[in-house]
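Visitor: what's the 3D shape of this:
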Amino acid sequence: MDLSTSYLGLKLRTPLVVSASPLSEEVENIKRMEDAGAAAVVMHSLFEEQIRYDKFELTHHMEYTKDSFAEALDFFPEPEEFHVGPEEYLEHIRKAKESVNIPVIGSLNGATVGGWVEYARLIQEAGADALELNIYFIPTNLDMLGAEVEQKYLEILKAVRSEVSIPVAVKLSPFFSNLANMAKQLVQAGANGLVLFNRFYQPDLDVEELEIKPRILLSTPQALRLPMRWIAILYGRIQADLAASSGIHKATDVIKMLMVGAKATFLCSVLLRYGIDYIRVLEEGVMQWMAEHEYESVEQMQGSMSQIKCPDPSAFERAQYMRALQSYKPAHEL
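Guide: Residues are numbered from 1 along each chain as shown. Model (predicted):
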């Protein structure tokens, strides 16, 4: 049984890839991921803010404005709160590459065009096999048009693309007026792959302390529906590899994502819940399902239930919305 796939030009033993998370902050954990069956690992992100701190740009700005905007500074992490600095991050990639044989994908997280993108080249020089670009931008300007938001993404990608020759994937948000067109534009701008989707962590409110608190909620299996739909729609229509992220908790979740067209399935929340060794459970489950349903390879099923190959293409569009509402029956009469 052949579980191999390819993603960003990298030959992977299976589609099971560990996505960016705190789990990759220790090289020993990365070695455990390989031993447990991970086909590749995306490193935890290097943030634009970390690089700016390192260059004293943001620190100086914060100190300079502290008398005017003191309360706003609480939302910025202090430099020492970052687990590693930019140079340590590059060394971490070097050590990871020396310790494992699976591909190591760097992760760069930012929201503006600036000098920080030069770290894309340094990540490549440190040995990363590919780069994941995580653009985390929340537009709040009432006068900013959607086209301007899209242009910001494209400019960042082009700036990063100009720095590296290794493959680049963009981890996308679903919040675009026309996601299909945005995906097309990103591929035309140089993206070799798209990761669907970035989960923006939403702030919470402490009603006792009257404070805004950061609070991470791990994904649930229900979260896979959104990326599954869009991978199915984009498969075969854009010239880029598609990776599924969010909501993958069971072997059947992996199967679903492969069937709609994913080249790789990213694991994060499930490993934070059950541990790194759970990768073995997922791989065994995928193999068992394939054996029971007489599939000989992952390639055989990839894209078989995408929109362009599905017997009912409308199932991924508005028609399915109406059918779902019509088919739902309340569990109890009111």
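
Visitor: for the chain, what spans make up the helices?
Guide: 27-36, 48-54, 57-64, 86-99, 118-125, 146-161, 179-188, 225-234, 251-260, 269-274, 278-292, 298-301, 318-327 (DSSP state H).

Visitor: Tabulate those helices (CSV), appending mean pLDDT.
Guide: Shown next, in CSV, are the helices of the chain (pLDDT from 0 to 100):
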stretch, mean pLDDT
helix 27-36, 98
helix 48-54, 83
helix 57-64, 46
helix 86-99, 97
helix 118-125, 97
helix 146-161, 96
helix 179-188, 98
helix 225-234, 96
helix 251-260, 98
helix 269-274, 95
helix 278-292, 98
helix 298-301, 97
helix 318-327, 63
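
Visitor: could those helices be laid out in CSV, adding mean neighbour count and distance to residue 241?
Guide: Heads up, the C-betas are built off the backbone N, CA and C, glycines and all. Listed next are the helices of the chain as CSV, based on neighbours: other CB atoms under 10 Å; distance: least, CB to CB, whole Å:
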stretch, mean neighbour count, distance to residue 241
helix 27-36, 17, 21
helix 48-54, 21, 25
helix 57-64, 14, 34
helix 86-99, 17, 21
helix 118-125, 20, 18
helix 146-161, 17, 15
helix 179-188, 18, 10
helix 225-234, 22, 11
helix 251-260, 22, 13
helix 269-274, 17, 22
helix 278-292, 17, 19
helix 298-301, 17, 13
helix 318-327, 10, 26
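
Visitor: Adding distance to residue 245, write these out as TSV.
Guide: Output for these, formatted as TSV (distance: least, CB to CB, whole Å):
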stretch	distance to residue 245
helix 27-36	16
helix 48-54	21
helix 57-64	28
helix 86-99	20
helix 118-125	20
helix 146-161	17
helix 179-188	14
helix 225-234	6
helix 251-260	9
helix 269-274	10
helix 278-292	15
helix 298-301	18
helix 318-327	22
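
Visitor: out of the ones you listed, nearest to residue 217?
Guide: For residue 217, the closest of those is helix 269-274, at 9.0 Å, according to CB to CB.

Visitor: Let's see the closest one as PDB, backbone CA atoms only.
Guide: Extracted in PDB, the C-alpha atoms of helix 269-274 (Å, rounded to 0.1, in the frame of the first residue of the first chain):
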ATOM      1  CA  SER A 269      -4.700  20.400  17.800                       C
ATOM      2  CA  VAL A 270      -5.000  16.600  17.800                       C
ATOM      3  CA  LEU A 271      -1.300  16.300  18.800                       C
ATOM      4  CA  LEU A 272      -1.600  18.900  21.500                       C
ATOM      5  CA  ARG A 273      -4.600  16.900  22.900                       C
ATOM      6  CA  TYR A 274      -3.300  13.400  22.500                       C
END
